[in-house]
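Visitor: build me a model:
(one chain, ligands or ions: 1)
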Amino acid sequence: MSRLVIVSNRTPGKAPAAGGLAVVLKKTLSERDGFWFGWSGQFSETPEKQARFETIDGLSIGQVDLTRADHNAYYAGYANSILWPAFHLRLDLTNIQSHWYEGYRRVNAQFADALVEHLEPDDVIWVHDYHLIPLATELRRRNVRNRIGFYLHIPFPTPDALNAIPHHEDLLRDLVAYDLVGFQAQRDVAAFHEFIAHEQIHKQTGGEPMVLDIDDTVLEAFPIGSDPEAFARLAVSPNGRKIAKRVSAALNAHALILGVDRLDYSKGLPQRISAYEKLLENNARLRRTVHMLQIAPPSRDSIKEYQQISDELDSAVGRVIGRFAEPDWLPLTYVKRAYAQASLAGLYRLARVGLVTPLRDGMNLVAHEYVASQNPEDPGVLVLSRFAGAAEIFHDALLINPFDTDETAEAMRQALAMPIEERKERWRKLMDSARLHSVDNWASSYLDRLMGLGDTPDRDDTGDADVSDADARPLSTPPAGDPANRAITVTPRKHRGTLFPWLKSVFS
Ligand code: ADQ
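Guide: Residues are numbered from 1 along each chain as shown. As a prediction, this is how the structure comes out:
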């Protein structure tokens, strides 16, 4: 069996992995030879070129240090102040400093330099997330001909948002240097193709479209999930029961509405608090019968926009408490700390309503974990943003527009009033979907697809497929009036990706 090389910004540490993703990737790696590669978490003004390898929990982990300046440009700068907000359609929160791009590229080149000498010809390389989009290009430049896959954990942006990113053309070429690009949702595959269609509109209005050879790259959705059986067990484990018992006593029979998020502006937290405020405002009889618990530990707090969302949330929470609290009833508790998975599972199970209302999210694993932790005889109700990737698989949640606080408040009311039979029926279907889309299935379906692809095409050292310019031509134009009437400048070859019907007709 080929060795597997996993590459991500950070590698798993010595502490037990908290997230399902690290757990499953560790498990996947432990079932075959290979190693995990990434940043060590340490700074050095003169980082060693060679990776340091150590064995953690039986897994081989390779790491490099970064200079503080490069890390700042690569991580806090280009990745998290430009790519993250733009990919989440928050152009208002981008901080566009084009020079960060050089640091971003430099770190990807440094990763490639350190990786290349540890690669064997049959290794399969799986690169994770927006920090490392250029890695395949950098590896190809170093004559790596291995199968290389990429998985994007966050949503893919719309054409306008993509166009706002400095050097986005490079990023697109970088993506098609991979053999397989996995997205969270069909929405993201569509957004990728929409960019290409948008280039054609640009051409039709006399502009020069970008030439992008997507023909040797498979683009598909692989929705990630959690480990539902593990969460079901954790929810009734001693630690899960312990926290549920303590919180239940404090709740004094009030119905629990629960939100669990990393503190991030993409999660829609101020909007969620406003929706809860509307619930209490519009339904006076619900006051004193409900309690909202929002858990949101800070993240990326060196970035100004994260400090701002934290302040905004503090003030929204204070407003609702000030407006509705009674000496013997608090409407809302806001907790800023991380919990072990068993504690989260116990809380999920206790909650009558799981509020998962991001403004935009790749998938959202909290939705999966909430579903998996429910009591089948008395399940709670998932209120879910239609802008989370999870909305493509959890059709039996109450789907809401998180920007519409009236609709979210109404969904909370409906969830609280929902009869037991309907709750059970919805939960059964949600749980079926959580099982079907478990993180184990995600990892194996992605790797099966990556390993099952045909031969890796011969690519030149830019990472672009090896075709002459003469091969790049506008495709023939379908009949006028046809929605497929958007010839695209591509380099056509056998196509292996998932395409929309109109695009398929263009490419075939
Ligand atoms: P995140 O943006 O971090 O992930 P999410 O998918 O919700 O978002 O995952 C959060 C994880 O952190 C969950 O496993 C949750 O249990 C855990 N977590 C949250 N709050 C916690 C707390 N207080 N204590 C302990 N653990 C906590 C990115 C993308 C998502 C995508 C995932 C996986 O933004 O869209 O679903 O990657 O691909």
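Visitor: can you map out the helices along the stretch 51-200 of the chain?
Guide: Counting by DSSP state H, counting those that start in this stretch, the stretch 51-200 of the chain has helices at residues 68-71, 84-87, 100-116, 135-141, 159-163, 168-175, 186-204.
Visitor: quick one: closest of those helices to the ligand.
Guide: The closest of those to the ligand is helix 84-87. By CB to the nearest ligand atom, the value is 8.7 Å. To be clear about C-beta, it is placed using only N, CA and C from the backbone, and glycine gets the same treatment.
Visitor: what's the spacing between the closest one and its chain's center?
Guide: 11 Å (CA atoms, centre = their mean, to the nearest Å).
Visitor: what's the answer for stretch 51-71, then?
Guide: Counting by CA atoms, centre = their mean, stretch 51-71 is centred 23 Å from the centre of its parent chain.
Visitor: how long is it end to end?
Guide: One end of stretch 51-71 to the other measures 16 Å (CA to CA, to the nearest Å).
Visitor: show me what counts as buried in the longest strand seen in the chain.
Guide: Longest strand in the chain by number of residues (criterion: DSSP state E): strand 34-43. Of the residues in strand 34-43, those buried under the neighbour-count criterion (16 or more other CB atoms under 10 Å) are 34-40.
Visitor: format the helices of the stretch 51-200 of the chain as TSV; extra columns: mean pLDDT and distance to Ser385.
Guide: Shown next, in TSV, are these (pLDDT from 0 to 100; distance: least, CB to CB, whole Å):
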stretch	mean pLDDT	distance to Ser385
helix 68-71	97	32
helix 84-87	98	16
helix 100-116	98	29
helix 135-141	98	31
helix 159-163	96	18
helix 168-175	96	26
helix 186-204	90	12
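Visitor: got those as CSV, with mean neighbour count and distance to Glu410 columns?
Guide: Converted to CSV, the helices of the stretch 51-200 of the chain look like this (neighbours: other CB atoms under 10 Å; distance: least, CB to CB, whole Å):
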stretch, mean neighbour count, distance to Glu410
helix 68-71, 16, 45
helix 84-87, 23, 29
helix 100-116, 20, 42
helix 135-141, 25, 45
helix 159-163, 17, 30
helix 168-175, 19, 39
helix 186-204, 18, 24
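Visitor: between those, which gets nearest to Ile214?
Guide: Nearest to Ile214, of all the helices of the stretch 51-200 of the chain, is helix 186-204, at 7.2 Å by CB to CB.
Visitor: can you name the next helix or strand after that closest one?
Guide: On the C-terminal side of helix 186-204, the nearest following helix or strand under DSSP states H and E is strand 218-221.
Visitor: give me the longest helix you can find in the chain.
Guide: What stands out as the longest helix in the chain, according to DSSP state H, is helix 304-324.
Visitor: so for the helix or strand that that helix is followed by, what's the average pLDDT?
Guide: For helix 304-324, the following helix or strand on the C-terminal side (DSSP H and E) is strand 332-335. Averaging pLDDT along strand 332-335 gives 98.
Visitor: the ligand contacts on the stretch 151-300 of the chain?
Guide: Counting by CB under 6 Å from any ligand atom, the stretch 151-300 of the chain comes close to the ligand at 153-154, 224, 260-262, 295, 297.
Visitor: can you pick the most crowded of those residues?
Guide: When neighbours are counted by other CB atoms under 10 Å, Ile224 leads these with 26 neighbours.
Visitor: got the contact list for Asp261?
Guide: Residues counted as contacts of Asp261 (CB atoms under 8 Å, 6 or more residues apart in numbering) are 267, 269, 294-296, 358, 366.
Visitor: and the chain, which residues reach the ligand?
Guide: Within the chain, the positions adjacent to the ligand are 18-21, 153-154, 224, 260-262, 295, 297, 338-339, 344, 361-366, 369 by CB under 6 Å from any ligand atom.
Visitor: so which of those are in helices?
Guide: When those are checked against helices (DSSP H), the matches are 20-21, 344, 365-366, 369.
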